[in-house]
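Engineer: Task: produce atomic coordinates for the following.
(chains A, B and C)
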Amino acid sequence: MKSGTNDQKILHAIFNRLYEYYGPQHWWPADTAFEVMVGAILTQNTNWHNVVQALNNIRYAGYMDARFLYKHRRSIPRLIRPSGFYRLKSKRLVAFLDYFIKEYDGRIEAMKRKRTGTLRGELTAISGIGPETADSILLYALGRPVFVIDAYTRRIGSRHGLYGYDALYDTIQSIFERAIPRRPSLYNEYHALLVRVGKEHCAKHEPLCDSCPVQHILSS
DNA sequence: TGCCAGGCCGGGT
DNA sequence: ACCCGGCATGGC
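Structural biologist: Sure, this is the predicted structure:
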């Protein structure tokens, strides 16, 4: 197919530019795969800084482990309070723990035996885990080649004419996955770089960003 | 001070 | 198949 070629060139150029500008981002910032999964739920529509405080509370309590956390699930609301939406997120976290312990004995290695598509189906079936949270878990906790689409990816791509702002999650995802070689390390770095540049140059109601490092790629 | 942050669900059209 | 209100804290 030939329509892929153009997207491919642009998306490769954007990655190269961002990587050259910012360098490696070292994502996901967490000590263990379990912490990645917890963080993926807590960061829904929330500043990462707030999530760190919640994760620290869990760690200092000694509960950064599926079984311990499930055993002490009544204290989750207090521990994750700084991350916002804490009553809602407590339910979501417990729903995930329930699944993770019942299906995989709370062990990441057991989860790794399953196919990516199967896991995505299981994860998104949990109330509180949508496509982005599931994909974050698949990529950053399990190392699967799944491109994570978030609000920044949506903003940046649409502002540069790659797709419409209202494009479906799966549509945007397949644009990236068709254009970028299927390597987890590449998907990892690319998404992290999009978040980095998005935070610094792609505020919510700005139609376009003059100071954006991506900008000059399109004017060439 | 008001706006925003690495979404998702459930109820209504 | 969309559209929208709700969910909550902390930083600037």
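Engineer: got the residue ranges for the helices in chain A?
Structural biologist: Ranges of helices in chain A, per DSSP state H, are A:3-22, A:33-42, A:48-60, A:66-71, A:76-79, A:86-104, A:108-111, A:116-125, A:131-136, A:151-159, A:169-179, A:184-201, A:215-218.
Engineer: can you dump the C-alpha coordinates of the third one into CSV?
Structural biologist: Extracted C-alpha coordinates of helix A:48-60, given in CSV (Å, rounded to 0.1, in the frame of the first residue of the first chain):
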residue,chain,number,x,y,z
TRP,A,48,1.9,12.0,37.1
HIS,A,49,3.3,14.0,40.0
ASN,A,50,0.1,13.2,42.0
VAL,A,51,0.4,9.5,41.0
VAL,A,52,4.0,9.3,42.4
GLN,A,53,2.7,10.4,45.8
ALA,A,54,0.1,7.7,45.8
LEU,A,55,2.7,5.0,44.6
ASN,A,56,5.1,6.1,47.4
ASN,A,57,2.3,5.7,50.0
ILE,A,58,1.7,2.2,48.8
ARG,A,59,5.4,1.4,48.8
TYR,A,60,6.1,2.8,52.2
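Engineer: picking up where we left off before, which one of the helices of chain A has the lowest average pLDDT?
Structural biologist: Ranked by mean pLDDT, the helices of chain A bottom out at helix A:215-218, with a mean of 70.
Engineer: Could I get the helices of chain A in JSON lines, plus columns for mean neighbour count and distance to A:Arg144?
Structural biologist: Glycine gets a C-beta too; all of them are placed from N, C-alpha and C. Below are the helices of chain A laid out as JSON lines (neighbours: other C-beta atoms under 10 Å; distance: least, C-beta to C-beta, whole Å):
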{"stretch": "helix A:3-22", "mean neighbour count": "15", "distance to A:Arg144": "19"}
{"stretch": "helix A:33-42", "mean neighbour count": "23", "distance to A:Arg144": "12"}
{"stretch": "helix A:48-60", "mean neighbour count": "17", "distance to A:Arg144": "22"}
{"stretch": "helix A:66-71", "mean neighbour count": "17", "distance to A:Arg144": "19"}
{"stretch": "helix A:76-79", "mean neighbour count": "18", "distance to A:Arg144": "27"}
{"stretch": "helix A:86-104", "mean neighbour count": "17", "distance to A:Arg144": "15"}
{"stretch": "helix A:108-111", "mean neighbour count": "14", "distance to A:Arg144": "11"}
{"stretch": "helix A:116-125", "mean neighbour count": "15", "distance to A:Arg144": "5"}
{"stretch": "helix A:131-136", "mean neighbour count": "22", "distance to A:Arg144": "9"}
{"stretch": "helix A:151-159", "mean neighbour count": "19", "distance to A:Arg144": "18"}
{"stretch": "helix A:169-179", "mean neighbour count": "16", "distance to A:Arg144": "12"}
{"stretch": "helix A:184-201", "mean neighbour count": "19", "distance to A:Arg144": "6"}
{"stretch": "helix A:215-218", "mean neighbour count": "13", "distance to A:Arg144": "28"}
